[in-house]
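In: Just to be clear, the model below is a prediction. Sequence and coordinates:
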Amino acid sequence: MANSDVIISNLDNIFSGTLSLESFYRSYGSGNEDRNIEQWDSKSTAMVVKGSGSKVVLKPRIKSKQEREHLAKETKTFYDRNKEEIQKKIIEYLNPETPVVFSSEVSKRGDSGSSVNFFNIRVFKEGKEGGNPLVSILFQAKGLSNGEGGKKSDPHELMTACLILEMNKINVDQINSKNGETHDKSIKDIVDKLSTTASKIQGSAGLDGFYLDSNKEDPDVVNLAKAISVSNYIIDEIGSGKVQTVWQTGTKWAQEVNKFNVGPKTIKNYNSSDIIVKFNINKATHYWGLSLKKRGITGGTPDVEPTLLNKPLMGSRGFIEKNLKSMRGGPSSIKKIEDAKLKFFRGAIKAKTKQTEYKNKKIDQMQIKDVLKVVDTLFTERNDKSTMLRGQGEYAQNPNIYFKAIDEVFMKNFNNNKEFFEEFMDLIFKIKLDSYLEGASFHFSLITGTGDYKNGKIMEVQPPLEKEGRLTSEIFRKLFGAPHKDSFKIIQQDNRKHAFEQGATAAKLFYTMMIGKKNPVSIVDLEVRYKGALTSEPQFQVFMSVRQNNFSQLYKKIASTKTFGPDRWK
């Protein structure tokens, strides 16, 4: 058997226990959107590949190119920390005839087919380090959409839709009370049944994500738990009603529900319902649009609410640039930002290369399109990119005047701007949806499923968070009744420094949007950051605010006085 075959056959034995690659990758991907990493499967022919000669290529799939570079370094750290045990196991299964020596490095070798650095372990016969290795193990991260098998779809929406269509309320405690194969079979039976129901969901998409393996033996229990959180709640709310149809809207709005796909012409897909449930109750037909989010559970406590919105800041699709264009002085503000952007990134290239020319072109004469291509090529390593964007370390002489210009323009034009607040909150919460749906029995909810799978044994499910559309709109109508323009404040987040400020620890801008003059309510937190390539525009990320006296607390307080459940349909 070839050495590469030996390694592949014994991969789980070499990387077992505390050395488990599945645990290592899961830990690396936890809590960071850019590190969204597909669950490791050593039996996957897309993730474990026998290369030419004595090569074994391991291909964890991760979202961001910059994070793939960073993962190579973290893999080296993981290896160095456990070097003695890993080498001992490799020798045990390789069983070489002569003594061997190991070498390891983070590199980008020409024969790897990799566009980013990877981590490489090589085993040589002692004294033959200059020759061909007995075996090479390449940890070569790929993009989520790359590699054989491609990207698996997120099954959360389709799982939720199937459970609702079946009116199948899952008893999670009953599942968790079972042991071993009985426990695993009960979960697999649920997912197997859902996979047959999926064809009944109109516009269904995401079935290929129901299982983590190609043999359909390993269900995605993490997403199932989050789907159950939502579906159990929805089933209770519908009560004695009968579900007739469930649509997914991601690919196309079906003719029957297309009448609900409404909104201002300036906002594409204003109605953000991921699934729409049609049901009959009290001799009336209702449609319920659900905008689905999800969050995990850590140590028994639900994680913070997920990202509500990602929007480009500037450019042709930029939300802020669109608003600036129609404002007095807006075009000059846009120019201020673009001029600062060009100057800042030219400075970054000079600081990085210590040259005034790049590939025979004068850096100070390069246009923005070419400048962005260069910085995207030069700043692939995550920490280096962050240091550059913060103007620290070797880039201290090139402060981030670009983000500073964004901050100055943003605060000047949108702080104390009631019209902007109304438009921005409508974009997030669809608070004007009813005005486009006069006379329609359509209900809208932003709903966040809460669940996880602990240690491969315990399915954790907690009630979801619902922001019911009409109640949310009612609360905002009262908030927007504030008479003073300075009741609509944008402030810098508490204890967070903008990227251009001295001592900043993140390459971001941090804001909180608040409404009210006395005892204001903090509505959402905003972060402006680069999400991936520098050739793209930085984005707004929007989160429910966790500041004291926040909107979630206000909503929960008012919702506690309302009657939900089946009575909401009367």
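Out: That came through fine.

In: Could you find the closest non-adjacent residue to V542?
Out: With C-beta to C-beta, 6 or more residues apart in numbering as the criterion, V542 has its nearest non-adjacent residue at 4.0 Å, and that residue is L309. (C-beta placed from N, C-alpha, C; glycine too.)

In: and T18, helix, strand or coil?
Out: Using DSSP: H, G, I helix; E, B strand; the rest coil as the criterion, the local structure at T18 reads helix.

In: mind checking how far the residue nearest to V542 is from Q248?
Out: Using C-beta to C-beta, to the nearest Å, L309 is found at 20 Å from Q248.

In: Then F510?
Out: Separation of F510 from Q248 (C-beta to C-beta) stands at 35 Å.

In: for the longest helix seen in the chain, packing partners?
Out: Criterion DSSP state H: the longest helix present in the chain is helix 330-353. On a contact count with 3 or more C-beta pairs under 8 Å, 6 or more residues apart in numbering; DSSP states H and E, helix 330-353 meets helix 319-325, helix 368-378, helix 382-390, helix 401-414.

In: what's the angle from that helix to helix 382-390?
Out: Computed with axes from the mean of the first three to the mean of the last three C-alpha atoms, to 10 degrees, the direction of helix 330-353 lies at 130 degrees from that of helix 382-390.

In: how big is the angle separating helix 330-353 from helix 401-414?
Out: Angle of helix 330-353 versus helix 401-414, following the same axes, to 10 degrees, is 160 degrees.

In: Output helix 330-353 as PDB, nothing but the C-alphas.
Out: Coordinates of each C-alpha in helix 330-353 appear next as PDB, following Å, rounded to 0.1, in the frame of the first residue of the first chain:
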ATOM      1  CA  GLY A 330     -23.700  65.100  -0.900                       C
ATOM      2  CA  PRO A 331     -21.700  64.800  -4.100                       C
ATOM      3  CA  SER A 332     -18.800  66.700  -2.500                       C
ATOM      4  CA  SER A 333     -19.000  64.400   0.500                       C
ATOM      5  CA  ILE A 334     -18.800  61.400  -1.800                       C
ATOM      6  CA  LYS A 335     -15.700  62.900  -3.400                       C
ATOM      7  CA  LYS A 336     -14.100  63.500   0.000                       C
ATOM      8  CA  ILE A 337     -14.500  59.800   0.800                       C
ATOM      9  CA  GLU A 338     -13.200  58.600  -2.600                       C
ATOM     10  CA  ASP A 339     -10.200  61.000  -2.500                       C
ATOM     11  CA  ALA A 340      -9.300  59.800   1.000                       C
ATOM     12  CA  LYS A 341      -9.600  56.200  -0.100                       C
ATOM     13  CA  LEU A 342      -7.200  56.600  -3.100                       C
ATOM     14  CA  LYS A 343      -4.600  58.500  -1.000                       C
ATOM     15  CA  PHE A 344      -4.800  56.000   1.900                       C
ATOM     16  CA  PHE A 345      -4.400  52.900  -0.200                       C
ATOM     17  CA  ARG A 346      -1.600  54.400  -2.300                       C
ATOM     18  CA  GLY A 347       0.100  55.100   1.000                       C
ATOM     19  CA  ALA A 348      -0.500  51.500   2.100                       C
ATOM     20  CA  ILE A 349       1.300  50.100  -1.000                       C
ATOM     21  CA  LYS A 350       4.300  52.400  -0.400                       C
ATOM     22  CA  ALA A 351       4.500  51.400   3.200                       C
ATOM     23  CA  LYS A 352       4.300  47.700   2.400                       C
ATOM     24  CA  THR A 353       6.700  47.700  -0.500                       C
END
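
In: And the contacts of it?
Out: Contacts to helix 330-353, defined as C-beta atoms under 8 Å, 6 or more residues apart in numbering, come from residues 314, 321, 323-325, 327, 356, 358, 363-364, 366, 368, 371-372, 374-375, 378-379, 388, 394-395, 397-398, 400-402, 404-406, 408-409, 412-413, 534.

In: mind checking how far the residue nearest to V542 is from F429?
Out: With distances defined as C-beta to C-beta, the gap from L309 to F429 amounts to 10 Å.

In: Neighbour count for the two, which is higher?
Out: F429 (24 against 17; other C-beta atoms under 10 Å).

In: Work out for me the element the residue lying closest to the more buried one once chain neighbours are set aside sits within.
Out: The spatial neighbour of F429 that comes closest, neighbours along the chain excluded (C-beta to C-beta, 6+ apart), is T472 at 5.3 Å. Assignment of secondary structure by DSSP states H and E places T472 within helix 469-479.

In: From the contact counts, what lies against the least confident helix or strand in the chain by mean pLDDT?
Out: Sorting the helices and strands of the chain by mean pLDDT, DSSP states H and E puts strand 142-143 at the bottom, at a mean of 73. In terms of contacts (3+ C-beta pairs under 8 Å, 6+ apart), strand 142-143 is packed against strand 61-62, helix 65-81.

In: where does the stretch 201-350 of the chain dip in pLDDT?
Out: Scanning the stretch 201-350 of the chain with the threshold set as pLDDT under 70 gives 266.

In: could you redo the last one with a cut-off of 80?
Out: Where the stretch 201-350 of the chain drops to pLDDT under 80, the residues are 212-214, 264-269, 316-317.

In: Per-residue pLDDT of L389, please?
Out: According to the prediction, L389 has pLDDT 96.

In: From F500, how far out is it?
Out: Applying C-beta to C-beta, one obtains 9 Å for the distance of L389 from F500.

In: Quick check: neighbours shared by those two?
Out: Residues within reach of L389 and of F500 at once, by C-beta under 8 Å, 6+ apart, are N400, F403.

In: So the two - more neighbours on which side?
Out: Under the criterion of other C-beta under 10 Å, the comparison of L389 against F500 puts L389 first, with 26 against 21.

In: Contact partners for that one?
Out: Shown in contact with L389 (C-beta under 8 Å, 6+ apart): N400, F403, A499, A507, Y530.

In: Kindly reformat the residues you listed as CSV and extend each row with pLDDT.
Out: Converted to CSV, those look like this (pLDDT from 0 to 100):
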residue, pLDDT
N400, 97
F403, 97
A499, 96
A507, 95
Y530, 91
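
In: now these in JSON lines, with distance to S103 and neighbour count?
Out: Below are the contacts of L389 laid out as JSON lines (distance: C-beta to C-beta, whole Å; neighbours: other C-beta atoms under 10 Å):
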{"residue": "N400", "distance to S103": "39", "neighbour count": "26"}
{"residue": "F403", "distance to S103": "42", "neighbour count": "28"}
{"residue": "A499", "distance to S103": "39", "neighbour count": "26"}
{"residue": "A507", "distance to S103": "34", "neighbour count": "23"}
{"residue": "Y530", "distance to S103": "35", "neighbour count": "22"}
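
In: any chance of the residues you listed in a markdown table, plus distance to N550?
Out: Formatted as a markdown table, the entries for the contacts of L389 read as follows, by distance: C-beta to C-beta, whole Å:
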| residue | distance to N550 |
| --- | --- |
| N400 | 29 |
| F403 | 26 |
| A499 | 25 |
| A507 | 26 |
| Y530 | 27 |
